[in-house]
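1. Sequence and predicted structure are below.
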2 protein chains.
Amino acid sequence: MLFIVGLGLGDEKDITLRGLEAVKKCEKVYIEAYTSLLSFGLSSDGLSTLEKLYGKSLTLADREIVEEKADGILSEARESDVAFLVVGDPFGATTHSDLVVRAKKMGVEVKVVHNASVMNAIGVCGLQLYRYGETISIPFFTETWRPDSFYEKIKQNRSLGLHTLCLLDIRVKEPSLESLCRGRKQYEPPRYMTINTAIEQLLEVEQTQGGSAYNEDTDCVGFARLGSEDQMIVAGTMRQLQTIDFGTPLHCLVIVGKTHPVEEEMLDFYKLRGESLDQIDDGTI
Amino acid sequence: MLFIVGLGLGDEKDITLRGLEAVKKCEKVYIEAYTSLLSFGLSSDGLSTLEKLYGKSLTLADREIVEEKADGILSEARESDVAFLVVGDPFGATTHSDLVVRAKKMGVEVKVVHNASVMNAIGVCGLQLYRYGETISIPFFTETWRPDSFYEKIKQNRSLGLHTLCLLDIRVKEPSLESLCRGRKQYEPPRYMTINTAIEQLLEVEQTQGGSAYNEDTDCVGFARLGSEDQMIVAGTMRQLQTIDFGTPLHCLVIVGKTHPVEEEMLDFYKLRGESLDQIDDGTI
């Protein structure tokens, strides 16, 4: 049996009792390393916090391992209980459909243990989840690659009065261009897009496209480390949010659509007051 | 301090370690009774399963209590630690923004413990969460009240190729018409809309509106008891799903938009095969 267990968003305490029970009975436990594992007490030194809690050792599974060694993991899961741990929910922003499809094809049973993901935890800012349109992803621009297909989607959402969740690029274990040329595997240091960069890119695309989908005065909500003890949530215009240091990853951004009064009342608690940053959220809403 | 704790979707085992820790240190614990609490071992006899797990007694808070006695609950939370438990996530399909806004206005600190909700757990069917448009709600039609504002939203989503999550009506503790006339409070038995009724109403509205937003051959996914051990997920056309008995609540429905190959592969596992119902999901995907 393969258990795909969501760890939630904050730290080791966000696993569910059902998830913990599954992990404890598994012979082998993998943990995906696509997203940031910083707050889960994972570092290059070891996986101490989670390993202590589970009472067993973890195998870090980056994208390469999952893609190249999936059949090995699934063969193990056919013989015994194997857990694959993922940050957030197994089918949240980063999905693991591929692994499930492969498992099913190999005749391996799969059980999913759900948890919170960025896709629903953003509800904490007060904007109703059912008032969101299509979710978009903003990739890091390079000198030569500046894809802007998200622009039309934001425009569409805004014309319907809907909110837009912007997922920001994560680059973990990207082979460096130099190493690709040399045929040796060396990796770029991990990069996580900040809210500031996202807004900068958004405004650049608006300038190029000129479709008036949004501008510097458009209301947004910035989220950093959503679901962690030290989460930070600030509502303000693009211009305002661009000046704020949101700190360590992960960040995401919501472009606000048409709001209802109850949404506005909640959003108000996260708003910047003039020059003061006193109102910035510190995990206690 | 007021802790608003998401219980997740299945049963008592879906609380997170963080949530359980919060509940255990609270002096008073309320549990919202807006949605179905069946699988949480709650009945009119008592709240045994959860109370045993938490080691303390629970106060069932229906909509009336929350609306009428919120100030009382919040006064308690100003003096000591109070937990308010909700099925799913505190800001999922049923939101509790109102309670948070009141708390903030009274100067009561609030901490939110996130969990899975229907809004992200539907990802398990393989349709990507970022490919959903606006979520709609389908209310029970009566002889004289047949609101169909959801129709335009479905049409919009489908024209963009997006999936549509349909939340189905829940009627819990509705005063009976007779009791309203007599001025005494008596309640209708709880009603939960089935997938069958939802599709019947959807097709009726399509007939009336005639906008060709969908028809009997439109692909959908029906979910019953999502996140529970005995969840049931079936993919098929509206016509096919209408013939299926999905069993006890809660139900929800997804109208499928344009699909990508990886989505189709996953969806395939949930599809009806001809006349056979062997493929129906029983909680193990």
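-> Perfect, I can see it now.
2. How about the contacts made by the closest residue to A:Asn115 other than its chain neighbours?
-> Once flanking residues are discounted, A:Asn115 sits nearest to A:Gly6: 3.1 Å by CB to CB, 6 or more residues apart in numbering or on different chains. C-beta coordinates here come from the backbone N, C-alpha and C atoms, glycine included. Applying CB atoms under 8 Å, 6 or more residues apart in numbering or on different chains, we find A:Gly6 in contact with A:16, A:19, A:86-90, A:92, A:112-117, B:116.
3. again, but for A:Glu204
-> Residues in contact with A:Glu204, defined by CB under 8 Å, 6+ apart, are A:141, A:146.
4. before we move on, what SS does it have?
-> Under the three-state scheme (DSSP: H, G, I helix; E, B strand; the rest coil), A:Glu204 adopts helix.
5. before we move on, the earlier item: just the pLDDT for the residue nearest to A:Asn115.
-> With respect to pLDDT, A:Gly6 scores 96.
6. Would you list the phi and psi of it?
-> phi -80, psi 130 (degrees, to the nearest 10).
7. give me the low-pLDDT residue ranges for chain A?
-> Residues of chain A that meet the criterion pLDDT under 70 lie in A:36, A:38-39, A:41-47, A:93-95, A:174-177, A:180, A:184, A:274-285.
8. domain ranges for it?
-> A:2-116, A:119-268 (automatic domain parsing).
9. Next, format these as JSON lines and append distance to B:Ser149.
-> What follows is the domains of chain A, written out as JSON lines (distance: least, CB to CB, whole Å):
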{"stretch": "domain A:2-116", "distance to B:Ser149": "29"}
{"stretch": "domain A:119-268", "distance to B:Ser149": "13"}
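10. Please identify the most buried of those domains.
-> Neighbour counts averaged per stretch over these are highest for domain A:2-116, at a mean of 20; criterion: mean count of other CB atoms under 10 Å in any protein chain shown.
11. now the strands: where do they sit in chain A?
-> A:2-6, A:28-32, A:59-61, A:82-86, A:110-113, A:136-138, A:164-168, A:170-171, A:191-192, A:219-224, A:232-237, A:251-255 (DSSP state E).
12. got a list of contacts for the fourth one?
-> Put plainly, it is strand A:82-86. A:1-7, A:22-23, A:26-32, A:50, A:58, A:61, A:73, A:76, A:94, A:96, A:99.
13. Give me the sheet partners of that strand and which way each runs.
-> strand A:2-6 (parallel), strand A:28-32 (parallel) (DSSP bridges).
14. any idea which helix is longest in chain A?
-> helix A:63-79 (DSSP state H).
15. and the direction of that helix versus that of strand A:82-86, what angle?
-> Put simply, helix A:63-79 runs at 150 degrees to strand A:82-86, going by axes from the mean of the first three to the mean of the last three CA atoms, to 10 degrees.
16. Which strands or helices does helix A:63-79 pack on?
-> strand A:2-6, strand A:28-32, strand A:82-86, helix A:97-105 (3 or more CB pairs under 8 Å, 6 or more residues apart in numbering or on different chains; DSSP states H and E).
17. OK, contacts around A:Asn157?
-> Contacts of A:Asn157 (CB under 8 Å, 6+ apart): A:132-134, A:163-164, A:255, A:257.
18. Quick check, the residue in the stretch 101-250 of chain A closest to chain B?
-> At 2.7 Å from chain B, A:Gly123 is the closest residue in the stretch 101-250 of chain A, using CB to the nearest CB.
19. CA atoms of the longest helix of chain A as CSV?
-> C-alpha atoms of helix A:63-79 as CSV (Å, rounded to 0.1, in the frame of the first residue of the first chain):
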residue,chain,number,x,y,z
ARG,A,63,11.9,15.6,-8.4
GLU,A,64,14.7,13.6,-9.9
ILE,A,65,14.4,10.6,-7.6
VAL,A,66,10.6,10.6,-8.0
GLU,A,67,10.9,10.7,-11.8
GLU,A,68,13.7,8.2,-12.1
LYS,A,69,13.0,5.9,-9.2
ALA,A,70,9.2,5.9,-9.1
ASP,A,71,9.1,2.2,-10.1
GLY,A,72,11.4,1.3,-7.3
ILE,A,73,9.3,3.1,-4.7
LEU,A,74,6.2,1.5,-6.1
SER,A,75,7.6,-2.0,-6.1
GLU,A,76,8.4,-1.5,-2.4
ALA,A,77,4.8,-0.3,-1.9
ARG,A,78,3.5,-3.5,-3.5
GLU,A,79,5.4,-5.6,-1.0
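20. ok, and what's touching that helix?
-> A:1-2, A:27-28, A:30, A:32-34, A:61, A:82, A:84, A:98-99, A:102-103, A:106-108, A:172-173.
21. if we go to 6 Å?
-> For helix A:63-79, the external contacting residues (CB atoms under 6 Å, 6 or more residues apart in numbering or on different chains) are A:2, A:28, A:34, A:82, A:102-103, A:106, A:108.
22. And stretch A:217-230, by the same measure?
-> Outside stretch A:217-230, the residues within contact range by CB under 6 Å, 6+ apart are A:9-10, A:39, A:118, A:121, A:125, A:195, A:231-235, A:237-238, A:241, A:246-247, A:251-256, A:283, B:114.
23. before we move on, the earlier item: which of the contacts of A:Asn157 sits closest to A:Tyr214?
-> A:Ile255 (6.2 Å; CB to CB).
24. got a list of what that closest one touches?
-> A:164, A:220.
25. Near chain B, which residues of chain A are found?
-> Contact residues (CB under 6 Å from any CB of the partner chain) of chain A with chain B: A:13-14, A:16-18, A:89, A:91-92, A:97, A:101, A:104, A:109-112, A:114-117, A:119-121, A:123-124, A:126, A:129-130, A:133-135, A:162, A:227, A:262, A:265-266, A:269, A:284-285.
26. and the residues you listed, which of them are in helices?
-> Among those, the members falling in helices (DSSP H) are A:17-18, A:97, A:101, A:104, A:119-121, A:262, A:265-266.
27. export those residues to CSV and tack on distance to A:Leu203?
-> Compiled in CSV, these are given as follows (distance: CB to CB, whole Å):
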residue, distance to A:Leu203
A:Leu17, 45
A:Arg18, 44
A:Ser97, 34
A:Val101, 39
A:Lys104, 44
A:Met119, 25
A:Asn120, 28
A:Ala121, 26
A:Val262, 30
A:Glu265, 29
A:Met266, 26
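28. Check these and tell me the two furthest apart.
-> Using CB to CB, the two most remote members of these are A:Lys104 and A:Glu265, lying 45.8 Å apart.
29. Dump the strands of chain A into CSV; add distance to B:Asn215 as well.
-> Putting those into CSV (distance: least, CB to CB, whole Å) gives the following:
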stretch, distance to B:Asn215
strand A:2-6, 35
strand A:28-32, 40
strand A:59-61, 44
strand A:82-86, 37
strand A:110-113, 32
strand A:136-138, 30
strand A:164-168, 30
strand A:170-171, 40
strand A:191-192, 45
strand A:219-224, 38
strand A:232-237, 42
strand A:251-255, 34
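30. just so I know, which of the ones you listed lies nearest B:Thr142?
-> Smallest distance to B:Thr142 across the strands of chain A (CB to CB): 35.5 Å, for strand A:164-168.
31. is the closest residue in space to A:Lys28 that isn't next to it in sequence in a bridge, and if so with what?
-> Nearest residue to A:Lys28, sequence neighbours excluded (CB to CB, 6+ apart): A:Val82, at 4.8 Å. Judged by DSSP bridges, the bridge partners of A:Val82 are A:Leu2, A:Lys28.
32. what do you get for A:Val254?
-> Beta-bridge partners of A:Val254, counted by DSSP bridges, are A:Leu165, A:Val221.
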